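Trainee: Next comes the sequence, and after it the predicted model I'd like to discuss.
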2 protein chains.
Amino acid sequence: MNLILFSQQETLQPLPIEDARAKHILKVLNVEEGCSFDVGQINGPRGKATLRVVSSKTLEFEFDWEATIPELYEIDLLISYCRPQTCRKILQECTSLGVRSMTFFDTEKSEPTYKSSSLWTSRETERLLVRGAEQAFCTQIPKLSRAASLSSVISDLPSHGSRIAMDNYESTEKLTPSRTTSLPVTVAIGGERGWSNLERHILRENEFVLADLGSRVLRTETACIAAVSILRNQL
Amino acid sequence: MNLILFSQQETLQPLPIEDARAKHILKVLNVEEGCSFDVGQINGPRGKATLRVVSSKTLEFEFDWEATIPELYEIDLLISYCRPQTCRKILQECTSLGVRSMTFFDTEKSEPTYKSSSLWTSRETERLLVRGAEQAFCTQIPKLSRAASLSSVISDLPSHGSRIAMDNYESTEKLTPSRTTSLPVTVAIGGERGWSNLERHILRENEFVLADLGSRVLRTETACIAAVSILRNQL
């Protein structure tokens, strides 16, 4: 944790001593009464917390918030459901990279069990997003959504901006930062088995450019990191 | 495994039935006698293997090799020893991305135990490189080296090419593809605690440009993938 995040509500009350953050503050950061450390409000400002009171049940802080809130990149990811372990990495690392939203959806070639993983019904996704933001020393959490199909995702997209679909098989060009001249940038990423012909048709009909990252086949989480890194480099 | 790799020596003799690749060919790919699948020779060509004979002890193949060998990117990574689990990811994913070499070395702020991990004395590193190449559907394995210090790594570098050191604290510019106009590109990546002042001095004295990937702090393996993705995008 490079930054310890609290919800706004949590900053208004003492932190229970059994909270994982309390343990981290006392045992890892070795913060003592009167000392301060880096904090952030989820989707709010960064700042400094000073530890004022350590009791047997709680920690009490005094907060000093910065005036500005760091912004996210105007990159929206549309991601086919993948193995839960792959989705965990995408959730955490793409949050660290600073994307604005992630929408996971079902594709024709995706394994049907992936979308019913307990990952999606537990609070684990929220923890992964918070961990990714803490790693990045930032407070902003991307918007996370789930959708039934590519068509339903596309119907919710803004009419302006750039639309790119990563495709190793039928791409017409290499992914380049010049694709980001019109914001926001929507990037669709198929799962390990890629797009069906129907999905490619839907993507093309909806003005997605099919682009690739070169001929080398990357794991889905690596392709996500690579694509976002290239695009945000120009934003 | 998108591609099954063999050493040249291995292609000259039957494959023992207990080899993990034999199990993969029979049980996962469900290859039967007379059927073919994608193969590659480590640091050699790709091709097709046809399964000719399945006996109780071995599999026998007939190989048909392509004429050309896919090349690696002229990117050389110099990486501070990190946690073994981080190094494993870097080894595999940067091989998939197609870097030409990786040299791990000791930095002043690196945890001293990292370099004595069993990872470095087992055959695991080789397996990770092969797995990364198989994932990428490529045959080339990057050259893997280890060095005692930044100075000793630098003394072995070619005099031509571009030199970049990733640094979140004292960078003077953002990492951009224009840095790759002169090849090969050498990219130095400090560990989770970054460079010492002495190391920064050595880097500057040796014409490394200190560059960053933006203000967000990334995990070392994510920073490696991001930096390589941005650089190879222009090569």
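Mentor: Sure, I can see it.

Trainee: In the host helix or strand of residue A:62, which residues are buried?
Mentor: Using DSSP states H and E, residue A:62 falls within strand A:58-65. By neighbour count on 16 or more other CB atoms under 10 Å in any protein chain shown, the buried set for strand A:58-65 is A:59, A:61, A:65. Just so you know, the C-beta spots here come from the backbone N, C-alpha and C atoms, and that holds for glycine as well.

Trainee: want to throw the residues you listed into CSV with distance to residue B:120 and pLDDT?
Mentor: Formatted as CSV, the buried residues of strand A:58-65 follow (distance: CB to CB, whole Å; pLDDT from 0 to 100):
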residue, distance to residue B:120, pLDDT
A:59, 41, 97
A:61, 43, 97
A:65, 45, 97
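
Trainee: can those go into JSON lines with extra columns for distance to chain B?
Mentor: Shown next, in JSON lines, are these (distance: CB to the nearest CB, whole Å):
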{"residue": "A:59", "distance to chain B": "25"}
{"residue": "A:61", "distance to chain B": "23"}
{"residue": "A:65", "distance to chain B": "18"}
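
Trainee: and the residue nearest to residue A:89 when sequence neighbours are not counted, how many neighbours does it have?
Mentor: Among residues not flanking residue A:89 along the chain, residue A:221 sits closest, at 4.2 Å (CB to CB, 6 or more residues apart in numbering or on different chains). Residues lying near residue A:221 (other CB atoms under 10 Å in any protein chain shown) number 26.

Trainee: Now that residue A:221 has come up, it's in contact with residue A:91, right?
Mentor: No - applying CB atoms under 8 Å, one finds residue A:221 not in contact with residue A:91, separated by 9.7 Å.

Trainee: Helices along chain A, start to end?
Mentor: Remark: helices assigned in chain A by DSSP state H are A:20-23, A:84-97, A:124-136, A:150-155, A:197-205, A:220-232.

Trainee: how close does the residue most central in space within chain A sit to chain B?
Mentor: Centroid-nearest residue in chain A, with CA atoms, centre = their mean: residue A:95, separated by 2.9 Å. Using CB to the nearest CB, to the nearest Å, residue A:95 is found at 10 Å from chain B.

Trainee: closest to residue B:155 among the buried residues of strand A:58-65?
Mentor: Among the buried residues of strand A:58-65, residue A:65 lies closest to residue B:155 (CB to CB), at 48.4 Å.

Trainee: burial of the closest residue to the closest one other than its chain neighbours, as a residue count?
Mentor: Ranked by CB to CB, 6+ apart and with sequence neighbours excluded, the top spatial neighbour of residue A:65 is residue A:47, at 3.9 Å. The tally of other residues near residue A:47 (other CB under 10 Å) stands at 18.

Trainee: thinking again about what came up before, let me have the helices of chain A in TSV, extended by mean pLDDT.
Mentor: Putting the helices of chain A into TSV (pLDDT from 0 to 100) gives the following:
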stretch	mean pLDDT
helix A:20-23	95
helix A:84-97	98
helix A:124-136	96
helix A:150-155	95
helix A:197-205	97
helix A:220-232	96
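
Trainee: Burial-wise, tell me which of the ones you listed comes out on top.
Mentor: Ranked by mean neighbour count, the helices of chain A are led by helix A:220-232 with a mean of 25 (mean count of other CB atoms under 10 Å in any protein chain shown).

Trainee: Could you list every helix and strand in contact with that helix?
Mentor: Applying 3 or more CB pairs under 8 Å, 6 or more residues apart in numbering or on different chains; DSSP states H and E, we find helix A:220-232 packed against strand A:75-80, helix A:84-97, strand A:162-166, strand A:185-189, helix B:84-97, helix B:220-232.

Trainee: These: which one's closest to residue B:71?
Mentor: helix B:220-232 (11.8 Å).

Trainee: which residues sit against that closest one?
Mentor: A:93, A:96-97, A:213-214, A:222, A:225-227, A:229-230, A:233, B:73, B:75, B:77, B:79-80, B:82, B:86, B:89-90, B:93-94, B:97-99, B:164, B:166, B:175-177, B:179-180, B:185, B:187, B:189, B:191-192, B:213, B:218 (CB atoms under 8 Å, 6 or more residues apart in numbering or on different chains).

Trainee: ok now it, how far from the chain's centre?
Mentor: 12 Å (CA atoms, centre = their mean, to the nearest Å).

Trainee: Kindly report the same for stretch A:100-112.
Mentor: Distance, centroid of stretch A:100-112 to centroid of chain: 15 Å (CA atoms, centre = their mean).

Trainee: With just CA atoms, put that stretch into PDB.
Mentor: Once non-C-alpha atoms are left out, stretch A:100-112 reads as follows in PDB (Å, rounded to 0.1, in the frame of the first residue of the first chain):
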ATOM      1  CA  ARG A 100     -11.900   5.500 -16.100                       C
ATOM      2  CA  SER A 101     -14.200   2.500 -16.400                       C
ATOM      3  CA  MET A 102     -14.200  -1.300 -17.000                       C
ATOM      4  CA  THR A 103     -17.200  -3.200 -18.200                       C
ATOM      5  CA  PHE A 104     -17.000  -7.000 -18.300                       C
ATOM      6  CA  PHE A 105     -19.400  -8.800 -20.700                       C
ATOM      7  CA  ASP A 106     -20.200 -12.100 -22.100                       C
ATOM      8  CA  THR A 107     -18.800 -13.100 -25.500                       C
ATOM      9  CA  GLU A 108     -19.900 -16.000 -27.700                       C
ATOM     10  CA  LYS A 109     -16.500 -17.800 -27.200                       C
ATOM     11  CA  SER A 110     -16.200 -17.000 -23.500                       C
ATOM     12  CA  GLU A 111     -16.400 -20.000 -21.100                       C
ATOM     13  CA  PRO A 112     -20.000 -19.700 -19.700                       C
END
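
Trainee: what about the residue nearest to residue A:89, distance to residue B:144?
Mentor: Distance, residue A:221 to residue B:144, using CB to CB, to the nearest Å: 23 Å.

Trainee: Please render the helices of chain A as CSV that adds distance to residue B:125 to the earlier fields.
Mentor: Below are these laid out as CSV (distance: least, CB to CB, whole Å):
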stretch, distance to residue B:125
helix A:20-23, 34
helix A:84-97, 21
helix A:124-136, 26
helix A:150-155, 40
helix A:197-205, 38
helix A:220-232, 19
